[in-house]
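Trainee: Below are the sequence and a predicted model for it; my questions follow.
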Amino acid sequence: MTQFERLTIDDIARLANVSRTTASMVLNGYAERYRISPATVERVLRVAKEHHFTPSQSARALRSRRSNTIGLVIPDLTNSTHAALAQAMETLCRDEYGYQLVVVTSDEDPARETEGIAHLVSHQVDGMIVVPCTADPKRYLKWTKRLPLVFADRRVDETGIPYVVTDATETVAMLIGDALAQGAREVVYFGGQPELSASRDRLAGFRLALASHGLAEREDWVFERDYHRESGRVLMEAWFAAHGRYPEVLFAGSITLLEGALSFINNAHKLGQAPGRLMTFDDHQLLDCLPLTIDAIVQDSRELAAQSLQRVIGMLEGDPKPQSLLVPANIHYRHPRARAK
């Protein structure tokens, strides 16, 4: 038993003293087509309003074969970058296309991601945007026969599924190259899961910067784990324990990895000691409030959201294979020397 009362169209029809068919036609916007009298329309709508009733979205979806909803699967809503993507997408869905966004999270767990996708499909979303947490094509290809599917922020090669991702390689190379141009000769890289496209692109930018400045990569410079905050802490603690100091330059492959590294630096040395220069992929306004200067690559969350939605809507309207897109990123320099350049 439940203490909550769930009203149906039958209940509204009974309270308004009309047939179920009449109530259904009024509540679904067909009163004029079926010449239902204004007095009856007013009575049905008044009863529905008094009882806070709206027609079943599931029933509407079955009739129209459209639910006017778009699904979004992201790894983590506590990640400010993914939260910004979800917020931008929700606003655009509602204001530009008249759709409702439904969000589920994977927690970077492939099994949970598959469950989330299946949940959205079972609720008849019209299309789906996924920030994938695995590089396994089979996990995604099976859904492309059911609905339009687009990757955002990360892509999965060998699927042919359209994607909209940040053009990371050149931007990372530019940021790290700035430090090398100013004389740095030690750059440590903390990254996420190496199989993910975002990880490959960011590491490629790191290595491009080293090659462009004639610097050979050392074996204690590149470390990859995952994008959880705890991994940043573990990697920073391990590097400090192995070397007895912080690196000359540290590049964190995500804001979450930076948070973890900073938590170790704060707990160990109250931020009194730190890498000579800190860099991160993804930005946050709180970085402006720290005593450490941290340069950050800024993704265009709104453009990622807009272009991803544009492709899903295009597929719904008959475009079978929209083009994938790389979205430019910017660099927010906070380091005094970088700002002066």
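Mentor: Nice, I can see it.

Trainee: Strands of the protein, start to end?
Mentor: Assigned by DSSP state E, the strands in the chain fall at 69-74, 100-105, 127-130, 149-152, 163-166, 187-191, 222-224, 249-252, 277-281, 294-298, 325-327, 330-332.

Trainee: Now tabulate those in a markdown table and tack on distance to Val18 and mean neighbour count.
Mentor: In this view, the C-beta of every residue, glycine as well, is placed from N, C-alpha and C. What follows is the strands of the chain, written out as a markdown table (distance: least, Cβ to Cβ, whole Å; neighbours: other Cβ atoms under 10 Å):
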| stretch | distance to Val18 | mean neighbour count |
| --- | --- | --- |
| strand 69-74 | 30 | 25 |
| strand 100-105 | 29 | 18 |
| strand 127-130 | 36 | 26 |
| strand 149-152 | 43 | 25 |
| strand 163-166 | 48 | 24 |
| strand 187-191 | 63 | 25 |
| strand 222-224 | 65 | 18 |
| strand 249-252 | 63 | 28 |
| strand 277-281 | 60 | 26 |
| strand 294-298 | 57 | 22 |
| strand 325-327 | 51 | 17 |
| strand 330-332 | 59 | 15 |
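
Trainee: could you dump these to CSV with mean pLDDT?
Mentor: As requested, those are exported to CSV (pLDDT from 0 to 100):
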stretch, mean pLDDT
strand 69-74, 96
strand 100-105, 96
strand 127-130, 97
strand 149-152, 98
strand 163-166, 98
strand 187-191, 98
strand 222-224, 98
strand 249-252, 98
strand 277-281, 98
strand 294-298, 97
strand 325-327, 97
strand 330-332, 96
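
Trainee: mind listing what Leu175 touches?
Mentor: Shown in contact with Leu175 (Cβ atoms under 8 Å, 6 or more residues apart in numbering): 209, 251, 279, 295, 297, 331.

Trainee: Tell me which of the strands of the chain lies nearest to Asp201.
Mentor: When these are compared for distance to Asp201 using Cβ to Cβ, the nearest one is strand 163-166, at 7.7 Å.

Trainee: Contacts for the closest one, please.
Mentor: 150-156, 197-198, 201, 299-300, 304, 307-308, 311, 324-329.

Trainee: at 7 Å instead, please
Mentor: With contacts defined as Cβ atoms under 7 Å, 6 or more residues apart in numbering, strand 163-166 is touched by 150-155, 197, 299, 304, 307-308, 311, 324-327, 329.

Trainee: same deal with stretch 133-148?
Mentor: Applying Cβ under 7 Å, 6+ apart, the contact partners of stretch 133-148 are 75, 106, 108-110, 113-114, 117, 121, 125-128, 130, 132, 149, 156, 158-159, 161, 195-196, 312, 315-316.

Trainee: Please apply the same query to stretch 83-101.
Mentor: For stretch 83-101, using Cβ under 7 Å, 6+ apart, the contacting residues are 68-70, 72, 74, 77, 103, 129, 152-153, 301-302, 304-306, 309, 313.

Trainee: Just the buried subset of the contacts of stretch 133-148, please.
Mentor: 75, 106, 108, 113-114, 117, 125-128, 130, 132, 149, 156, 159, 161, 196, 312, 315-316 (16 or more other Cβ atoms under 10 Å).

Trainee: How many neighbouring residues does Ala238 have?
Mentor: Neighbours of Ala238 under the rule other Cβ atoms under 10 Å: 12.

Trainee: which ones are touching it?
Mentor: Contacts of Ala238 (Cβ under 7 Å, 6+ apart): none.

Trainee: got a pLDDT number for it?
Mentor: Here, the pLDDT recorded for Ala238 equals 98.

Trainee: Kindly report the same for Pro336.
Mentor: The model reports Pro336 with a pLDDT of 72.

Trainee: same question, the one 3 residues further on
Mentor: The model reports Arg339 with a pLDDT of 45.

Trainee: shift numbering so it begins at 359
Mentor: I'll keep to 359 as the first residue from here, and by that count the last item is Arg697.

Trainee: circling back to that earlier point, quick one: mark the members of the contacts of stretch 491-506 that sit in helices.
Mentor: Cross-referencing the contacts of stretch 491-506 against helices under DSSP state H gives 468, 471-472, 475, 479, 670, 673-674.

Trainee: in stretch 490-510, what's buried?
Mentor: 490-493, 497-498, 501, 505-510.

Trainee: got the CA coordinates for that stretch in PDB?
Mentor: Backbone C-alpha positions of stretch 490-510 (Å, rounded to 0.1, in the frame of the first residue of the first chain) are rendered in PDB as follows:
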ATOM      1  CA  PRO A 490      31.500   6.900 -22.700                       C
ATOM      2  CA  CYS A 491      33.500   5.400 -19.900                       C
ATOM      3  CA  THR A 492      34.800   2.500 -22.000                       C
ATOM      4  CA  ALA A 493      36.500   2.000 -25.400                       C
ATOM      5  CA  ASP A 494      34.500  -1.200 -26.200                       C
ATOM      6  CA  PRO A 495      32.500  -0.600 -29.400                       C
ATOM      7  CA  LYS A 496      30.200  -3.500 -28.700                       C
ATOM      8  CA  ARG A 497      28.800  -1.800 -25.600                       C
ATOM      9  CA  TYR A 498      27.400   1.000 -27.800                       C
ATOM     10  CA  LEU A 499      26.800  -0.400 -31.300                       C
ATOM     11  CA  LYS A 500      23.800  -2.500 -30.200                       C
ATOM     12  CA  TRP A 501      21.900   0.600 -29.200                       C
ATOM     13  CA  THR A 502      22.300   2.400 -32.600                       C
ATOM     14  CA  LYS A 503      19.500   0.300 -34.000                       C
ATOM     15  CA  ARG A 504      17.100   1.500 -31.400                       C
ATOM     16  CA  LEU A 505      17.600   5.300 -31.400                       C
ATOM     17  CA  PRO A 506      20.000   8.100 -32.400                       C
ATOM     18  CA  LEU A 507      23.200   8.000 -30.400                       C
ATOM     19  CA  VAL A 508      25.900  10.600 -30.200                       C
ATOM     20  CA  PHE A 509      29.100  10.700 -28.200                       C
ATOM     21  CA  ALA A 510      30.100  13.900 -26.400                       C
END
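
Trainee: That's all I had, so thanks and see you.
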